[in-house]
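> 3D model of this:
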Amino acid sequence: MDTTTCRAVVIGGGYAGVMAANRLQGSGKADVVLVNPRPRFVERIRLHQLAIDNDDAVEDYATILNPDVELVVGTAERIGASDRHVVLASGATLDYDYLVYAVGSTGHVPAAVRGAAEHAYPISEIEQAQRLRTRLSELPRSAPIVVVGAGPTGIETASEFAEAGRSVTLVSSAIAPTLSRPGRRSVARQLAKRGVTVVDGPGATVAAVGADHVELVDGSVLASELTVWTAGFGVPQLAATSGLTTDALGRLLTDETLTSVDDARIVATGDAAAPSGMPFRMSCQAGLPLGAQAGDTVLARWGNTPAADVSVPMYAQCISVGRDGGTVQLQRSDDTPRNFYVGGRAGAFIKELVCRQTLQWMRAEARKPGSYKMLKGPERTGTSAAHHSPHGFLTTSVRPQSADERAESFERVRPVLHTIADEILGSAARVDVALLRTRQQWMTTELDDVDDVELHLAALVARKALETLCLDAQR
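Prediction:
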C-alpha cells in the first residue's frame, strides 16, 4: 500500500457515512472501505412510505457512492483501537489508518412498557418497515391502528396510513413538540383533515401494549389491531462494547473536531456522534454536513494540519403530512424554532424536494469532490444562537431606514435565505436567481407593511423560490 495514502474504514453506509466516504475517496489521499449491513442504501426518511407500499425506500449505492470506494456488506462486531482493526461478524478483519464511526441510530421500544417489545412495531429500520407492511396487508382497512409518538416519524406514519384509508389514532403527550406553536397548529389541522384521531396531553403516555389494544396511564384503553412505535431512538452499542467512551445513550464521545476522546485515529459522525457531549438532532439534515466534516477531519489529521471544529446550521424541520401536505418549520441556526412555517401543499412540495436533494448532494460529492458546501452554524457554547449568531437570522427586528441599511440587513441574513432557497430549488444557479429577485423586491418594499424583518425576508425568499420553479416548469 502507498504509504502516502490513508487507509480509511467507514462503518455505516447511511447519510453521514456515504458523505464521509465520498469526501475521503474523492480527495485522492485516501483509499476507502465502506462497511454496511445491507447492499443498498436505505432512505430512512421514506420508511413510512415503504410501510404503506408507495415507495421502496432504497437506492443503489452505485448511484450515490464514489465508484472507487470499496463496499463491504457485513456487520462490524468490534473495533480494535489498539492495533487499528475492525472485526466483522463474518470473522474477517479490516485494518485501518483512520476509522470513521457512522453507525447511525435505530428505533427504541422500551422494555419498561409492558407488552411493547412483544406487540409494537418499530419503523426505524428497513426490515422493521417491511415487517410492518406485511402486517398491514393482513388487516382489513377498517382495523384500528395506534401510532405511538408524535415527532416527525409518528406524524408522517399516521398521516400516510390515514391517507391510504386506514383508521389511525396518534398518541403522544405532545404533538410535534419541537415545532413552534404556529407550526404545531399547521400539523394538527392537516392531521384532522386526513381523519387522524389525536390523543394527547399528560395522560396520553402508554402504559401497556396488547395484541389488540393500547393502555394509557390515565386508564384509557384504545383498540389497536396494529401498534406502531415511533417514540424514541437509540444507537448501536458498538462503541461501548469496544471499550470506547460514549454518552449515556451510547453515542461515541468526541471533541469538537469529531475525534474520539480516546483515540485520535477514530472520528465519529452522524447520529452516533456526541461532540463535547452535545449531539446534534438526529436527522439527515445534520448527517450530511457531519459526514463531510468527518472526512475533512481525517484528511487534516492525515496531513498533520489542524482539524476544524464542527459547525452545523440547523435551519429547518421538514415534516410530510400525507402525500399532498406538509409543514416546513424554520429554525434558528441553533435548532430552536421560529414562528414561521410553510404549510399545506407548499410544505409537501418542499419536503419532497428535500428528500430528493439529499441523494443529489451525495451524488454530487461522488462526482465532484468538495462540491458539498456547508454554511457555518452557531457557536457551540450551549447558549441561544439568538444572542450571538452572526450567521443566522438578525438578532433584532429593527426596521432599516436607508437603502444602505436595507442592503446590510439582507446581507446579514443571506446565509439563511440561501439555505431556504436551496431546500426548495436544489440548484446553485436557480438559488442565485431567487436571491436576486428577493433582494430586488426587498429594496423597494413598503416598510410600513413589515412587522418583522427576518420573517418577512424568509417568506419572501420562499415565495421567490417557488415562483422560480413555476417559471421553469412553464418553459
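
> Quick check on the closest residue to P110 other than its chain neighbours: phi, psi?
Nearest residue to P110, sequence neighbours excluded (CB to CB, 6 or more residues apart in numbering): A116, at 6.2 Å. Backbone N, C-alpha and C define where each C-beta goes, glycine included. Backbone torsions of A116, given as degrees, to the nearest 10, read phi -70, psi -50.

> Hmm, A116 is touching V109, no?
Yes: between A116 and V109 there is a contact at 5.0 Å, judged by CB atoms under 8 Å.

> Show me the common contact partners of these two, please.
W229 (CB atoms under 8 Å, 6 or more residues apart in numbering).

> Over to T169. Which of the three states is it?
At T169 the chain is in strand, as set by DSSP: H, G, I helix; E, B strand; the rest coil.

> Now for it: which residues touch it?
When contacts are counted by CB under 8 Å, 6+ apart, T169 touches 144-147, 196-199, 222, 224.

> Return the closest of these with respect to V433.
Comparing those against V433 with CB to CB places V196 closest, at 38.4 Å.

> hang on, that closest one packs against V171?
No: when contacts are counted by CB under 8 Å, V196 is not listed as touching V171 (10.7 Å).

> Extract the C-alpha set from stretch 275-285 and format it as PDB.
Output in PDB follows, covering the C-alpha atoms of stretch 275-285 (Å, rounded to 0.1, in the frame of the first residue of the first chain):
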ATOM      1  CA  PRO A 275     -19.200  16.100  20.100                       C
ATOM      2  CA  SER A 276     -18.400  17.500  23.600                       C
ATOM      3  CA  GLY A 277     -21.400  15.600  24.900                       C
ATOM      4  CA  MET A 278     -23.700  18.000  22.900                       C
ATOM      5  CA  PRO A 279     -25.000  15.900  20.000                       C
ATOM      6  CA  PHE A 280     -27.000  17.400  17.100                       C
ATOM      7  CA  ARG A 281     -30.600  16.400  16.400                       C
ATOM      8  CA  MET A 282     -30.700  13.000  14.800                       C
ATOM      9  CA  SER A 283     -31.500  13.800  11.100                       C
ATOM     10  CA  CYS A 284     -30.100  13.600   7.600                       C
ATOM     11  CA  GLN A 285     -30.000  17.400   7.800                       C
END
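
> Same question for that stretch: list its buried residues.
Across stretch 275-285, burial judged by 16 or more other CB atoms under 10 Å covers 275, 279-280, 282-285.

> Kindly report the same for stretch 132-143.
Buried, per 16+ other CB under 10 Å, within stretch 132-143: 132-133, 135-136, 143.

> Relative to V42, how far out is T419?
25 Å (CB to CB, to the nearest Å).

> neighbour-wise, which of those two wins?
V42 (23 against 20; other CB atoms under 10 Å).

> out of the buried residues of stretch 132-143, what pair is the most spread apart?
It's R133 and A143 that sit farthest apart of the buried residues of stretch 132-143, by CB to CB, at 14.5 Å.

> so where is this structure shaky, pLDDT-wise?
The chain contains residues with pLDDT under 70 at 1-3, 381-401, 423, 449, 451-452, 455, 470-475.

> which residues of it fall in helices?
15-26, 47-52, 116-119, 126-138, 152-163, 181-193, 238-241, 284-302, 344-367, 403-425, 428-442, 453-474 (DSSP state H).
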